[in-house]
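Chemist: Starting from these lines, generate the structure:
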Amino acid sequence: MALQGSLADFGIAEILQLIGSQQKTGILHVTGGSGGEEVMISFSSGRIIRTDVNGRHKRDLLGHMLVAAGAISKDQLAAALKSQKKSLKRIGDVLVEMQAVGRETVNELADLQTRETLYRLFEWKSGQYRFESKPPNFTRPSGRPISSESLLMEGFRMLDEWPLIRARINNYSVVYRQLDKAREIDDQGAALERVLDDAFSEFGGGGESNSVDAFDFDDSLAGGGGLGEEERAVLALVDGQRDVYQLIDRSRMGEFETCKALLTLLNDDYIEPTKVKRALEAPARHRSIDARRLALRVVVNVALLVAIVVGLLFMPRSRIELHRNAEQVAEEARTRLRANRLVVIATALEVYRVEQGRYPDALSALVDARLIEPATLELSGGAPISYLSIGADYDLR
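Modeler: Numbers count the residues shown, from 1 in each chain. Predicted coordinates for the structure are as follows:
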């Protein structure tokens, strides 16, 4: 089967569906993404059996995933990598032989690695693809086979839900802490465990109270406040120290499921952001402006104003012309000052969103949070600064 072309014309979903429906065996080469990486997807009778990536990021390597998940230590990984150079075996096999980790855990993380690689392809808007037919048993599977149909269903679901999730979970350096509501669940869970222990101890006694009807406890104890299994697992990892990167690694659920659980916990007031471990690396909104760009813009504006003033002082003008030009300079200065203030306020809004998970209802909240000075909102002459919060967005002018 000759299958090659551009992702702009034929999306990854259509390609996977075609290979799966025709039950082809071979390798699909996909090149593109933001870093121009190449992903190689191996198929056997239409089912995905492994993925390989040229230039895979260090944190996406299986060994480092095992360390980040807390399954092995850094020293164990270093010893395994040293042994791998001699044996040329896969790092997972080496770690299992060293008895550093069980085969089940290695398979779990290998399966997660494969799925995370495939899910990222759904967001690629440009690139090239090429399918290369291969004979049966051309490669060794790296995990459980994945059907194209299940992958497509999950991929489309993620595409639909990601925008809502990223509206709030958009900086992975944020650290969250549990609120009182979450601690109440822990207390309820402990209470439920005591009730069950007492019940089973009564079973052993053989008395009349061993009936199931004797279980008299609040049904909400077992519900965890309406949280699902994924939300409870992520909530247990929130400790006021781990950032989102670490929560994703520790949960072993993948980026999407972890972030989705975090969004539910945020919306239901089980957790809140408490700090940011490091500076925002890649702001989700194009409106974000870093300090260097802001400083450069201010310097350029000041230089332009100085040039205008100097030009006016050294050019002969009548009194009327000088007065007119002075008004023009003042208006120009007010316009540029307003533009600079808007930049400062926009930057403060992004910082507020990262810390609070939303934009403020009014600009005065930025002053209360000490992100800007009160004088920033005060402009002499011209219309006052207008701000309107619109859910996950805002209007500033």
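Chemist: Tell me how far residue 240 lies from residue 365.
Modeler: Residue 240 sits 24 Å away from residue 365, going by CB to CB, to the nearest Å. In this view, the C-beta of every residue, glycine as well, is placed from N, C-alpha and C.
Chemist: before we move on, what SS does residue 71 have?
Modeler: Here residue 71 takes the coil state, with states given by DSSP: H, G, I helix; E, B strand; the rest coil.
Chemist: residue contacts, it?
Modeler: 101, 105, 109 (CB atoms under 8 Å, 6 or more residues apart in numbering).
Chemist: Just the buried residues out of the residues you listed, in ChimeraX syntax.
Modeler: With 16 or more other CB atoms under 10 Å as the burial test, the buried ones among the contacts of residue 71 are selected in ChimeraX as follows:
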select :101,105,109
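Chemist: which one is residue 393 nearest to, not counting chain neighbours?
Modeler: Ranked by CB to CB, 6 or more residues apart in numbering and with sequence neighbours excluded, the top spatial neighbour of residue 393 is residue 359, at 7.6 Å.
Chemist: Would you confirm that the one you found contacts residue 348?
Modeler: No: using CB atoms under 8 Å, residue 359 is not in contact with residue 348, being 10.6 Å away.
Chemist: how about the residue nearest to residue 393, phi and psi?
Modeler: Per-residue torsions, residue 359: phi -90, psi 150 (degrees, to the nearest 10).
Chemist: Tell me the predicted confidence for it.
Modeler: Note on residue 359: pLDDT of 83.
Chemist: Tell me how many other residues crowd it.
Modeler: 19 (other CB atoms under 10 Å).
Chemist: dump the residue contacts of it.
Modeler: Listed by CB under 8 Å, 6+ apart, the contact set of residue 359 reads 349, 352-353, 389, 392-394.
Chemist: any idea which of those has the most stuff around it?
Modeler: Within the contacts of residue 359, residue 349 tops the neighbour count with 24 neighbours, counted by other CB under 10 Å.
Chemist: Report the spatially closest residue to that one, excluding sequence-adjacent ones.
Modeler: Leaving aside its sequence neighbours, residue 349 sits nearest to residue 359 (CB to CB, 6+ apart; 5.9 Å).
Chemist: rewinding a little: tell me which of the contacts of residue 359 fall in strands.
Modeler: 389, 393-394 (DSSP state E).
Chemist: quick check, nearest of the residues you listed to residue 250?
Modeler: Closest approach to residue 250 among these (CB to CB): residue 393, at 31.8 Å.
Chemist: nearest spatial neighbour of residue 39, skipping sequence neighbours?
Modeler: residue 30 is the one closest to residue 39 (CB to CB, 6+ apart), at 4.8 Å.
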